[in-house]
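Colleague: Dropping a prediction and its sequence here:
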Amino acid sequence: MFSLNNSTILKNSLSGVSKGWGQQPPRKISGPALVVVAAAVGSNGRPGDRNVSVLVDNTVKEIREVSPVVEKESKTTVSGGVGDVYGEDTATEDQSITPWTVSVASGYPLLRDPHFNKGLAFTEKEKDAHYLRGLLPPVVVSQEIQVKKMMANIRQYQVPLQRYMAMMDLQERNERLFYKLLIDNVEELLPVVYTPTVGEACQKYGSIFRQPQGLFISLKEKGKILEVLKNWPQQKIQVICVTDGERILGLGDLGCQGMGIPVGKLSLYTALGGIRPSACLPVTIDVGTNNEDLLKDDFYIGLRQRRATGQEYAELLDEFMSAVKQSYGEKVLIQFEDFANHNAFDLLAKYGSTHLVFNDDIQGTASVVLAGLIAALKLVGGTLAEHTFLFLGAGEAGTGIAELIALEMSKQTGAPVEETRRKIWMVDSKGLIIRSRMESLQHFKRPWAHEHEAVGNLVDAVKAIKPTVLIGSSGAGRTFTKEVVQAMSSFNEKPIILALSNPTSQSECTAEEAYMWSEGRAIFATGSPFGPVEYNGKIYASGQANNAYIFPGLGLGLIISGAIRVHDDMLLAASEALAEQVSDENLEKGLIYPPFSNIRKISARIAARVAAKVYELGLATRLPQPENLVAYAESCMYSPAYRSYR
């Protein structure tokens, strides 16, 4: 029993309050000592008016003594692949669980806990067990009806940002319903929770900010980052998505307001890749911003100073990376997102050999584009090595794609990668990248400088190089002009044109322009979604080279294998697995990517292929290797279905 007068805690205090934890005592807990916040219980068995915080060193021992044990051998369907402190995911979906937070949630607090709140789906039995009588209307509705209602509500909004805010509001009050909604309506809602709408959300993040959805680490926290990480309520983290906000999509420096990107990415890790929400941590590193409009904006939520650079920047990032490994271990996946070129390449090179790191702008984009090209070969014929590639944009996305194409060509032909790079040309703001410009080029552009006379613009480069594949990654909208597309079409029966920059306003050309200017012959895909186009009585559906095809499955594969490093061969494996999911029916429609409606199955297959490569390279720590990696990946995927509470 608790002595509230002097806060004395008797040895067997936990057994004295167990009746306040629903109909049964809590599940078996494994792990270190916990801070247990329990409601004080009156003589009638209902929670009292006061809460007591107790630090109990022998928590594990006592709870095991008074609790029924959930055996390790129990069949699991939603494990998520991470230590399950409260027994929620080691139970099958038909087993009842106790709704845990730091305390056992009951009554009004339970309705305010997004992880356990079910809204009107609480059963009559649950209302009695958790003191919800009168706090909810008498009706009990299914999760399916809730999904139907929410979709009807969201569709009433005509402005995309309003839809985004409605989704974020749902995520903050009912986590499982949010993911159920997203999974069941992924094709409709993906553009809402991520590109292109997330770009506008980041631009206006200060105005729409309600409550934190991630961890903000600024220069003010320098020297204290390890302590800051402990403030995050979840400590079993598997994936971190981190940005410094300097290059958000094609929108430039948005500083601290770039938080919308990690939040959106990790939502997709869960919805599309099955990583449990509690294992995901969005982080924004705030070192200031050079965006003058934001610095003058009353609603800006970040540091009001110009960006820190050099040693100050490097020291903050180094402290962050060290703290992450110390807090979450060797196997936590750190995804760098929307860093400017000069930092993105350096960070990947610096930490690639010491941490499990991945840059989605460099490597994720490359993998999804390579998959599209492999699929497109079924329409145009030939091998990758028989095609010539021209890029508009030689930043992290363009050079990352180019390098992975060169690696795949090298793998297929056995030729050195230095040789396969010669099939790939690039145009930057100063024209065609050639050897005579070598001294002035940034280091990541130099491998793509070939012998050629100077060419000052894209259309002349197209005419000179005569590429079979044109790829835009410049972040500059409407740069694939009518003259450029017609030039591509003049010497290619089926020109492959990929306009990858996003959001939609930054796309190099629209789907309508590509099909109209190529007279319906282009094999076209974009970075942002475009609707079907009718030309000369035929409907053309353009695919979207969305990174969401790759990174959720890649992340799942790394986690289920316990990978300790990311290798280029894993990215190639992901690309090949995605390309295999493109059916003949998809190709007949001109699509070089499969529909997103099957994305969970696609992610499982990508995860299995990636995990197999991890085991093959000897970088796996989860041993032995499962016999059926696809089935294992599917068994580890988070399910948003409601759980029954004791």
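Modeller: Cool, got the structure. Numbering: from 1, shown residues only.
Colleague: Distance-wise, check the closest residue to residue 273 other than its chain neighbours relative to residue 237.
Modeller: Among residues not flanking residue 273 along the chain, residue 552 sits closest, at 2.7 Å (Cβ to Cβ, 6 or more residues apart in numbering). Placement of C-beta: from N, CA and C, glycine included. Distance check for residue 552 against residue 237: by Cβ to Cβ, to the nearest Å, it reads 16 Å.
Colleague: Kindly report the same for residue 169.
Modeller: For residue 169, the distance to residue 237 equals 25 Å [Cβ to Cβ].
Colleague: And the two? Which one has more around it.
Modeller: Using other Cβ atoms under 10 Å, the more surrounded residue of residue 169 and residue 237 is residue 237, with 19 against 12.
Colleague: Tell me which residues touch the more buried one, please.
Modeller: Contact analysis of residue 237 by Cβ atoms under 8 Å, 6 or more residues apart in numbering lists 279-281, 327-328, 332.
Colleague: Helices of the stretch 151-300 of the chain, start to end?
Modeller: With helices called from DSSP state H, counting those that start in this stretch, the stretch 151-300 of the chain shows them at 160-173, 175-184, 186-193, 197-203, 205-208, 225-230, 260-273, 292-295.
Colleague: would you turn those helices into JSON lines with mean pLDDT and distance to residue 106?
Modeller: Converted to JSON lines, the helices of the stretch 151-300 of the chain look like this (pLDDT from 0 to 100; distance: least, Cβ to Cβ, whole Å):
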{"stretch": "helix 160-173", "mean pLDDT": "96", "distance to residue 106": "17"}
{"stretch": "helix 175-184", "mean pLDDT": "98", "distance to residue 106": "18"}
{"stretch": "helix 186-193", "mean pLDDT": "94", "distance to residue 106": "31"}
{"stretch": "helix 197-203", "mean pLDDT": "94", "distance to residue 106": "35"}
{"stretch": "helix 205-208", "mean pLDDT": "93", "distance to residue 106": "32"}
{"stretch": "helix 225-230", "mean pLDDT": "97", "distance to residue 106": "27"}
{"stretch": "helix 260-273", "mean pLDDT": "97", "distance to residue 106": "26"}
{"stretch": "helix 292-295", "mean pLDDT": "96", "distance to residue 106": "43"}
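Colleague: which of these sits most buried?
Modeller: helix 260-273 (a mean of 27; mean count of other Cβ atoms under 10 Å).
Colleague: for it, packing partners?
Modeller: Helix 260-273 sits against helix 175-184, helix 186-193, helix 197-203, strand 239-243, strand 280-286, helix 551-561, helix 599-616, with contacts defined as 3 or more Cβ pairs under 8 Å, 6 or more residues apart in numbering; DSSP states H and E.
Colleague: my guess is residue 261 meets residue 336, correct?
Modeller: No - Residue 261 is beyond contact range of residue 336, at 11.0 Å (criterion: Cβ atoms under 8 Å).
Colleague: can you map out the strands along the stretch 251-400 of the chain?
Modeller: Ranges of strands in the stretch 251-400 of the chain, per DSSP state E, counting those that start in this stretch, are 280-286, 333-336, 356-359, 389-392.
Colleague: Pull out the buried positions in the helix or strand harbouring residue 534.
Modeller: Element membership for residue 534 (DSSP states H and E) is strand 533-535. Residues of strand 533-535 classed as buried by neighbour count (16 or more other Cβ atoms under 10 Å): residue 533.
Colleague: quick one: it to chain centroid distance?
Modeller: Relative to its parent chain, strand 533-535 has a centroid offset of 33 Å by Cα atoms, centre = their mean, to the nearest Å.
Colleague: Now do whichever helix or strand comes after that strand: which elements does it pack against?
Modeller: Once strand 533-535 ends, the next helix or strand along the chain (criterion: DSSP H and E) is strand 538-540. When contacts are defined as 3+ Cβ pairs under 8 Å, 6+ apart, strand 538-540 packs onto strand 533-535.
Colleague: Would you convert the strands of the stretch 251-400 of the chain into CSV that also reports distance to residue 206, mean neighbour count and mean pLDDT?
Modeller: As requested, these are arranged in CSV below (distance: least, Cβ to Cβ, whole Å; neighbours: other Cβ atoms under 10 Å; pLDDT from 0 to 100):
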stretch, distance to residue 206, mean neighbour count, mean pLDDT
strand 280-286, 13, 25, 98
strand 333-336, 23, 25, 98
strand 356-359, 26, 24, 97
strand 389-392, 33, 25, 98
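Colleague: For those, give me JSON lines that also has distance to residue 174.
Modeller: Below are the strands of the stretch 251-400 of the chain laid out as JSON lines (distance: least, Cβ to Cβ, whole Å):
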{"stretch": "strand 280-286", "distance to residue 174": "17"}
{"stretch": "strand 333-336", "distance to residue 174": "26"}
{"stretch": "strand 356-359", "distance to residue 174": "30"}
{"stretch": "strand 389-392", "distance to residue 174": "44"}
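Colleague: How about the contacts made by residue 326?
Modeller: Shown in contact with residue 326 (Cβ under 8 Å, 6+ apart): residue 226.
Colleague: Quick check: beta-bridge partners of residue 645?
Modeller: Residue 645 has these beta-bridge partners by DSSP bridges: residue 97.
Colleague: Check residue 336 too.
Modeller: Bridge pairing for residue 336 - DSSP bridges - gives residue 242, residue 359.
Colleague: Could you measure from it over to residue 345?
Modeller: Distance of residue 336 to residue 345, computed by Cβ to Cβ: 10 Å.
Colleague: now stretch 141-152, how far from the chain's geometric center?
Modeller: How far stretch 141-152 lies from its chain's middle: 25 Å, per Cα atoms, centre = their mean.
Colleague: Go through that stretch and flag the buried ones.
Modeller: Within stretch 141-152, the residues scored as buried using 16+ other Cβ under 10 Å are 143, 146-147, 150.
Colleague: Can I get those in CSV including pLDDT, distance to residue 567 and secondary structure?
Modeller: Converted to CSV, these look like this (pLDDT from 0 to 100; distance: Cβ to Cβ, whole Å; DSSP: H, G, I helix; E, B strand; the rest coil):
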residue, pLDDT, distance to residue 567, secondary structure
143, 98, 40, helix
146, 98, 42, helix
147, 98, 39, helix
150, 98, 41, helix
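Colleague: where does the stretch 451-600 of the chain dip in pLDDT?
Modeller: Flagging of the stretch 451-600 of the chain using pLDDT under 70 yields an empty set of residue ranges.
Colleague: Please enumerate the strands of it.
Modeller: So, for the stretch 451-600 of the chain - with DSSP E, counting those that start in this stretch - the strands run 469-472, 496-499, 523-526, 533-535, 538-540, 543-544.
Colleague: contacts for the shortest one?
Modeller: Translated: strand 543-544. The contact list for strand 543-544 (Cβ under 8 Å, 6+ apart) reads 372, 524-530, 590-593.
Colleague: Give the buried subset of these as a ChimeraX selection command.
Modeller: Per 16+ other Cβ under 10 Å, the buried members of those correspond to this ChimeraX selection:
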select :372,524,525,526,527,528,529,530,590,591,592,593
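Colleague: Among the contacts of strand 543-544, which are located in helices?
Modeller: Among the contacts of strand 543-544, the members falling in helices are residue 372 (criterion: DSSP state H).
Colleague: I'd like to know which of the contacts of strand 543-544 is nearest to residue 419.
Modeller: When those are compared for distance to residue 419 (Cβ to Cβ), residue 372 wins out at 23.6 Å.
Colleague: ok, now which ones touch residue 630?
Modeller: The neighbours of residue 630, taking Cβ under 8 Å, 6+ apart as the test, are 604-605, 608.
Colleague: how much space is there between residue 579 and residue 605?
Modeller: Separation of residue 579 from residue 605 (Cβ to Cβ): 11 Å.
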